[in-house]
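J.: how would this look folded up:
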Amino acid sequence: MELLPNGLTLNLAEGEFPLSTDSMVLSGFVKLPKNARVLDLGSGCGTLGLLLCASDGSCLVTGVELSGRAHLSALDNIRRNNLDARMESICADLRQLPGCVNAGEFDVCVSNPPYFSGGPASRISPAARREDTCTPAELFRAAARALKYGGDFYLVHRPERLAELIARGAEEKLEAKRLCLIRHREGAPVSLIAVQFRKGAKPGLCWEEHALYDAQGDPTPYYQRIYHLPISYQEA
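T.: Numbering: from 1, shown residues only. Presented below is the predicted three-dimensional model:
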């Protein structure tokens, strides 16, 4: 059982993907409008939805998850946290979105997708590592269909895939607007990126960067903020 902000909890079924830094980075990067309708593409056990509901009291989250076991775990997490009025999980293939959600229904889409186009599957959750059932092209197509004009798509990914992600977004008229570069430690190579795309936006990208740990190996204020810990000193 994982403890989340504001008294929420995350219960993971055996073999499901654990709470990760990726999810914490993405949930801290997302900016929700008031009363946002949010679609989580590849929602797993409901981790991102729970984190967003914990930090925003007005959002409504729909998760779409292919794995039946993860979907059942998400339903259990929704019940445990008394979020039935604000969260739902749909067991479906995001490549078939028109069959389960309405086009243009959502203000925001989020996703923590598989990162790799090849290589070994994850021992924890086979679909969580490799793009066998969720390529970037399919992911952006689903987000573009679901979003309202002017809506935002947020995702977390590997830095070496950035050019491909921007190109795939442009194909679906999703313009990259914000980029966050994450380093595991100050001075280390970038290990993770979070990107915000906006449907129908004009070109123009701003960026920021953060480290999870300082040069001495201590958690930075950024780490403390995304994990909702007391911040002991000010971030530069």
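
J.: ok but Y223 is inside a strand, no?
T.: No. Per DSSP: H, G, I helix; E, B strand; the rest coil, Y223 lies outside any strand segment and is helix.

J.: Burial check on it, number of neighbours?
T.: Using other C-beta atoms under 10 Å, Y223 has 22 neighbouring residues. All C-beta spots, glycine's among them, are computed from the backbone N, C-alpha and C.

J.: Identify the residue spatially nearest to it, adjacent ones excluded.
T.: Spatially, and ignoring its direct neighbours in sequence, Y223 is nearest to L212 (4.7 Å; C-beta to C-beta, 6 or more residues apart in numbering).

J.: Run a quick neighbour tally on the one you found.
T.: 22.

J.: Next, the contact list for it, please.
T.: T21, I182, R183, H184, R185, P219, T220, Y222, Y223 (C-beta atoms under 8 Å, 6 or more residues apart in numbering).

J.: List the contacts of the lengthiest helix in the chain.
T.: If you go by DSSP state H, the chain has its longest helix at helix 68-80. Here helix 68-80 makes contact (C-beta under 8 Å, 6+ apart) with 9-13, 15-17, 43-46, 49-50, 63, 65, 84, 87-91, 125.

J.: just checking, which of these belong to strands?
T.: Among these, the ones falling in strands (DSSP state E) are T9, L10, G63, E65, M87, E88, S89, I90, C91.

J.: From the residues you listed, keep the buried residues only.
T.: L10, G63, E65, M87, E88, S89, I90, C91 (16 or more other C-beta atoms under 10 Å).

J.: and which of the ones in strands among the contacts of helix 68-80 is nearest to G204?
T.: Closest approach between the ones in strands among the contacts of helix 68-80 and G204, by C-beta to C-beta: G63, at 30.6 Å.

J.: C45 is in contact with that closest one, correct?
T.: No. With contact taken as C-beta atoms under 8 Å, G63 and C45 are classed as non-touching, separated by 9.0 Å.

J.: Any buried residues in stretch 69-88, and which?
T.: By neighbour count, with 16+ other C-beta under 10 Å as the criterion, the buried positions of stretch 69-88 are 69-71, 73-78, 81, 83, 86-88.

J.: For PyMOL, write the select line for the buried members of the contacts of L212.
T.: Selection of the buried residues among these in PyMOL, burial being defined by 16+ other C-beta under 10 Å:
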select buried, resi 21+182+183+219+220+222+223
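
J.: can you put the contacts of L212 in TSV and add pLDDT?
T.: As requested, the contacts of L212 are exported to TSV (pLDDT from 0 to 100):
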residue	pLDDT
T21	95
I182	98
R183	98
H184	97
R185	98
P219	96
T220	97
Y222	97
Y223	97
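
J.: helix or strand right after the helix or strand containing A163?
T.: Using DSSP states H and E, A163 maps to helix 162-171. The element immediately downstream of helix 162-171 (helix or strand, assigned by DSSP H and E) is strand 174-185.

J.: Pull up the pairing partners for that next one, direction included.
T.: Paired neighbours of strand 174-185 in the sheet (DSSP bridges): strand 190-199 (antiparallel), strand 206-213 (parallel).

J.: Let's have those in a markdown table, adding distance to R141.
T.: Converted to a markdown table, the strands paired with strand 174-185 look like this (distance: least, C-beta to C-beta, whole Å):
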| stretch | distance to R141 |
| --- | --- |
| strand 190-199 | 12 |
| strand 206-213 | 25 |
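
J.: looking at the ones you listed, which is buried most?
T.: Mean neighbours per residue, mean count of other C-beta atoms under 10 Å, is largest over those for strand 190-199, with a mean of 21.

J.: in the chain, which helix or strand is least confident?
T.: helix 126-129 (a mean of 50; mean pLDDT, DSSP states H and E).
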